[in-house]
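S.K.: Sequence unavailable; structure follows:
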């Protein structure tokens, strides 16, 4: 299955079970949300998880584009992307966790054809505030799926306060041997779907109180599942990256790690720009700036003549269409080109400043603060220039 087929299968499965499809939002979270970007499908639904009636009912399903800055350092491994899509289903005070898990098992094994023997589950094992999630455990035991108890790995929250709850996760075996060990002991078990029993609110003092209703919030990484169904070794080999893997190596010969980072960061930057963000030194704009500059730093390491202008229109169009955006590719290219020009200018100024006698030895924290405050040279840029 390609990603479009995976999405269609997922949506139709839940629609057949009374879920209404809702339109996914942009990467920009709703007003009042403290995060910079939408990091999960539940962000736009927070008011409804807290009890406000949703106009389309108590059972919902959608596909939501997400961005996680916490994963930036992980990008390049087989499973992490900066911008990705999350397939989600919700029960807003309707059915509870056991039904959601049984449906999830049925969809994975019958809808997507995954061998049940390749599945493993994890369940919340309890802590000083709540006991173990025995209801989920009983489902897995009844289905014959091996289970591992964890604590922190099976607790989901949206920050230090707010809606939260225990979760149960589906893992798929990706090794070339029969399944062995457990998800926490062997990283060949890859998480594909998280089912959160979101029925608590954490207060400022750390205590838990019940939400007005007992919800279920699930999230399944589209690219991750698609790559596994397609027998690929990483998310960068699933079909959404086909144009990138076909075109970029001919422009810029890169090793696999560098190719993954450059494709991810430039593709993610296109999506962020398409959702209305522009480069800046703070907030969302700084995340965008970091993405572009990290990609350019890798590109220029071997050949400073490489640039955004090398990218063919096909990549801009494919990215826009896949994420259902309406921006003009030329506008996105222009923003990237302007940021590239600013970065080249900053690099040149940085080299001139660092060539001064004062900065020839090791740099102290005072030096780094001075370079940032006086010359606008971020720490990571200074250290990168010194290493180069």
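M.R.: Done, it's in. Keep in mind that this is a model prediction, so the values were computed, not measured. Numbers count the residues shown, from 1 in each chain.
S.K.: got the buried residues for stretch 68-75?
M.R.: Buried residues in stretch 68-75, defined by neighbour count with 16 or more other CB atoms under 10 Å: 68-69, 71-72, 75. Backbone N, C-alpha and C define where each C-beta goes, glycine included.
S.K.: Just checking, which of those residues comes out lowest on pLDDT?
M.R.: Lowest pLDDT within the buried residues of stretch 68-75 is found at residue 71 (67).
S.K.: Return the distance of stretch 120-136 from the chain's centre.
M.R.: Centroid displacement of stretch 120-136 relative to its chain, using CA atoms, centre = their mean, to the nearest Å, is 25 Å.
S.K.: what about that stretch, how long is it end to end?
M.R.: 13 Å (CA to CA, to the nearest Å).
S.K.: repeat for stretch 67-85
M.R.: By CA to CA, the extent of stretch 67-85 from end to end equals 9 Å.
S.K.: Off-centre distance for it?
M.R.: Put simply, stretch 67-85 sits 5 Å off its chain's centre (CA atoms, centre = their mean).
S.K.: Next: stretch 374-388.
M.R.: 28 Å.
S.K.: buried residues in it?
M.R.: Result for stretch 374-388 [16+ other CB under 10 Å]: buried residues 377-378, 381-382, 384-385.
S.K.: who's in contact with it?
M.R.: Contact with stretch 374-388 is made by 293, 297, 301, 346-347, 349-351, 353-354, 363, 368, 371-372, as judged by CB atoms under 8 Å, 6 or more residues apart in numbering.
S.K.: Residue 113 and residue 107, how far apart?
M.R.: Going from residue 113 to residue 107 by CB to CB, to the nearest Å gives 10 Å.
S.K.: same check, this time on residue 46
M.R.: From residue 46 to residue 107 the distance is 25 Å (CB to CB).
S.K.: If you count surrounding residues, which of these two has more?
M.R.: More crowded of residue 46 and residue 107, by other CB atoms under 10 Å: residue 107, with 19 against 16.
S.K.: ok, the more buried one - contacts?
M.R.: With CB under 8 Å, 6+ apart, residue 107 has these contacts: 9-10, 13.
S.K.: Could you report the neighbour count for residue 106?
M.R.: For residue 106, using other CB under 10 Å, the count is 13.
S.K.: Nearest to residue 287 among the buried residues of stretch 68-75?
M.R.: residue 69 (5.7 Å; CB to CB).
S.K.: all strands for the stretch 1-150 of the chain, in order.
M.R.: For the stretch 1-150 of the chain, the strands defined by DSSP state E, counting those that start in this stretch occupy 20-21, 59-67, 83-91, 119-124, 147-150.
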